[in-house]
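Visitor: My questions are about this predicted structure, shown below with the sequence.
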Amino acid sequence: MSVLNSITRLKRAVISTTGWRRRGVAFCLGVLATGALPPVHFIFLLVPALVGLIWLIDASARPRQAFTIGWWFGLGHAVSGYYWVSAALLVFPEQFGWMIPFAVLGLGAVMGMFPALTALFCRLVNLRGLARIILFGVVWTLLEWVRSWLFTGLPWNLLGTVWTISDAMIQGASILGVYGLSFVTIIAAAVPAVLTDGALRARGRAAPVIAAYIVLGVISAAGGLRLANAPSGNVEGIMLRLVQPNIDQRIKWHPKHRRQHVVRQLQMSTAKSKTGSTPTHIIWAETAVPYFLAREKALMTAIAGITPPGGLTITGTIRGDVNAGTGRQIWNSLHAINAHGDIAGTYDKFHLVPFGEYVPFQSILKIPKLTAGRTDFTPGPGLSTLKLPGLPPVGPLICYEVIFPGAVVDPGDRPDWLLNLTNDGWYGHSSGPYQHFASARLRAVEEGLPLVRVANTGISGVVDGYGRVIARLDLGVSGVLDSPLPKKLLGTTFYAQWGDMPLILLLVVCGAAAIFTRKPNQA
């Protein structure tokens, strides 16, 4: 009982705050929740963070106050979780440094709207006991899903991502995706708030908490069992070489250094393997070739020269065209080059990064994009599956295209593996690249497909269809990684078959059940 009394006193201290102190507490709770995300993975911090938020929502006299509290929580969570955006603006500080407070706080203000709307809805419905926890989890998860597509979408740092520290726990994503992991995580983290519900007996208060953690234990055990019975194996005759040159973003596109960077990657591609293996295919990162590669015949010949016979060199580059109707267009692209110097396949990135690759609302925002050149990139036609010689059908993804759950493969032509080329050099040694890599791993689990990720500065790696990291090059390392290509899983995962709709239906049912058993909150 002494522990319960201590929790009760803490609750009183939290809800007794007013004005700026209360907003400051909400902001700090949001920062605390960020500690559960990669690369820190202090998952236990979600408990005080979400319990504290529930207390503050309960104590809000009016819905407007709850909205404000939720927004301050979201601001703290987003600013601490997306702070690495400032690193991109510091690559060229003389040009973009002034934007840092507007970018970080502006993004935080927008992302803060989602917890704010969660708090507002929960206060309007005004449930008590376990029902309010369930409703909170339902609304939060639904809004995570909404922000995956609203205004082009940004499903970054979904709460289910905290479990990428555990191979067993993330197996649940094969059924209900990362949003399903988010839902059970939010419930488990927020449910201890019922311990201070004075209207319930002590035993009645503890039961839902125990049940929630039993559910987490069952998910972990089921995931462990799935992995224990997981067949292993690699695609025969394929040895991939991932090239991570670790080129500083500040000089990556500098005319004096571009040729040197390409030569360096050519040399790395032909270096003797430490394992004695012979690469059959070589893969470079996003925009590894800082030229319009298809126009550079000498460069194409040089790349052909390091390409294994019968194999390919797959590289990120830019592609350009001048059309009388649309003017000049450029694409952030991938080319597969064979040993004869021919382009065997091309993919154009279609999900472009706002402000990084194009500037939205150009008539209002008179600012240049962050990437080199004055012309905005043109989006490609969409998801596709490339049929490349000597390789199983592959689903290419460039940069953050990999973070969108349920939107990484062509449903009409499913690939056998995913290939993600990226350049996280913009974000330095921050949490951004770790969060990006964690999100990519979850796509492998959801789709049941191996994923190969090649990054300029890291993290590069090979992930099997269960999300297990088979091989990896860490952030800030220059080197090559030779690895076989894991086989895809037999059959199709439940999530790959049905997507998010089963979870959406489950959330609607849970939310309706919580509201149907409504008992107004008297806390």
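Guide: Yep, that arrived.

Visitor: And residue 469, its phi and psi?
Guide: Phi and psi for residue 469, reported as degrees, to the nearest 10, are phi -80, psi 110.

Visitor: Hmm, it is touching residue 441, no?
Guide: Yes: Residue 469 is within contact range of residue 441, at 7.2 Å (criterion: C-beta atoms under 8 Å). Using the backbone N, CA and C atoms, a C-beta is placed for each residue, glycine as well.

Visitor: Neighbour count for those two, which is higher?
Guide: When residue 469 and residue 441 are compared for neighbours, residue 441 comes out ahead with 25 against 17, by other C-beta atoms under 10 Å.

Visitor: State the mean pLDDT of the strand or helix carrying that one.
Guide: Element membership of residue 441 [criterion: DSSP states H and E] is helix 432-447. Averaging pLDDT along helix 432-447 yields 98.

Visitor: and that helix, C-alpha only, in CSV?
Guide: Only the C-alpha atoms of helix 432-447 are listed here, as CSV (Å, rounded to 0.1, in the frame of the first residue of the first chain):
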residue,chain,number,x,y,z
GLY,A,432,17.4,10.0,-36.9
PRO,A,433,19.3,7.2,-38.7
TYR,A,434,18.6,4.7,-35.9
GLN,A,435,14.9,5.5,-36.0
HIS,A,436,15.0,5.2,-39.8
PHE,A,437,16.6,1.7,-39.6
ALA,A,438,14.2,0.5,-36.9
SER,A,439,11.2,1.5,-39.1
ALA,A,440,12.7,-0.3,-42.1
ARG,A,441,13.0,-3.5,-40.0
LEU,A,442,9.3,-3.4,-39.2
ARG,A,443,8.4,-3.3,-42.9
ALA,A,444,10.3,-6.6,-43.3
VAL,A,445,8.3,-8.2,-40.5
GLU,A,446,5.0,-6.8,-41.8
GLU,A,447,5.6,-8.0,-45.4
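
Visitor: wait, what's in contact with the residue nearest to residue 235 when sequence neighbours are not counted?
Guide: Closest residue in space to residue 235, ignoring its immediate chain neighbours: residue 485 at 4.6 Å, by C-beta to C-beta, 6 or more residues apart in numbering. By C-beta atoms under 8 Å, 6 or more residues apart in numbering, the contact list for residue 485 reads 234-235, 238, 240, 391-392, 417, 450, 452, 462.

Visitor: could those be laid out in CSV, adding distance to residue 144 and pLDDT?
Guide: Output for those, formatted as CSV (distance: C-beta to C-beta, whole Å; pLDDT from 0 to 100):
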residue, distance to residue 144, pLDDT
234, 35, 95
235, 34, 95
238, 36, 96
240, 33, 97
391, 34, 97
392, 32, 97
417, 27, 98
450, 26, 98
452, 27, 98
462, 28, 98
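
Visitor: Present these as CSV; the columns should include neighbour count and secondary structure.
Guide: Formatted as CSV, the contacts of residue 485 follow (neighbours: other C-beta atoms under 10 Å; DSSP: H, G, I helix; E, B strand; the rest coil):
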residue, neighbour count, secondary structure
234, 16, strand
235, 17, strand
238, 17, strand
240, 24, strand
391, 24, coil
392, 17, coil
417, 25, strand
450, 27, coil
452, 27, strand
462, 26, strand
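
Visitor: can you tell me which of the residues you listed lies nearest to residue 295?
Guide: residue 391 (25.4 Å; C-beta to C-beta).

Visitor: State the distance from that closest one to residue 336.
Guide: Distance of residue 391 to residue 336, given as C-beta to C-beta, to the nearest Å: 9 Å.

Visitor: Overlap of the contact sets of those two?
Guide: Listed as contacting both residue 391 and residue 336 by C-beta under 8 Å, 6+ apart are residue 312.

Visitor: Residue 345 should be in a strand, yeah?
Guide: Yes: applying DSSP: H, G, I helix; E, B strand; the rest coil, one finds residue 345 inside a strand.

Visitor: Give the other helices and strands that the helix holding residue 441 contacts.
Guide: Packing partners of helix 432-447 (3 or more C-beta pairs under 8 Å, 6 or more residues apart in numbering; DSSP states H and E): helix 173-190, strand 417-422, strand 451-455, strand 460-463, helix 494-498.

Visitor: can you rerun that using 6 Å?
Guide: helix 173-190, strand 451-455 (3 or more C-beta pairs under 6 Å, 6 or more residues apart in numbering; DSSP states H and E).

Visitor: Now do the helices in the stretch 1-150 of the chain.
Guide: Assigned by DSSP state H, counting those that start in this stretch, the stretch 1-150 of the chain shows helices spanning 2-15, 19-34, 46-58, 63-81, 85-89, 93-96, 100-111, 113-125, 129-146.

Visitor: Which one of the ones you listed lies nearest to residue 405?
Guide: Among the helices of the stretch 1-150 of the chain, helix 129-146 sits nearest to residue 405 (C-beta to C-beta), with 8.5 Å.

Visitor: For the closest one, which helices and strands make contact with it?
Guide: For helix 129-146, the packing partners by 3+ C-beta pairs under 6 Å, 6+ apart come out as helix 113-125, helix 173-190, helix 501-516.

Visitor: Look up the pLDDT of residue 253 for me, please.
Guide: Per-residue pLDDT puts residue 253 at 86.

Visitor: hang on, it packs against residue 291?
Guide: No: counting by C-beta atoms under 6 Å, residue 253 does not reach residue 291; the two are 10.0 Å apart.

Visitor: Reformat the helices of the stretch 1-150 of the chain as TSV; add distance to residue 211.
Guide: Shown next, in TSV, are those (distance: least, C-beta to C-beta, whole Å):
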stretch	distance to residue 211
helix 2-15	18
helix 19-34	23
helix 46-58	15
helix 63-81	26
helix 85-89	39
helix 93-96	50
helix 100-111	31
helix 113-125	21
helix 129-146	9
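
Visitor: The ones you listed: which one's closest to residue 380?
Guide: helix 85-89 (22.3 Å).

Visitor: quick revisit: please report phi then psi for the residue nearest to residue 235.
Guide: The phi and psi values for residue 485, taken as degrees, to the nearest 10, are phi -100, psi 120.

Visitor: list the contacts for residue 268?
Guide: When contacts are counted by C-beta atoms under 6 Å, 6 or more residues apart in numbering, residue 268 touches 243, 480.

Visitor: Using the record's assignment, carve this structure into domains.
Guide: Per automatic domain parsing, the domain ranges recorded for the chain read 2-228+500-516, 235-489.
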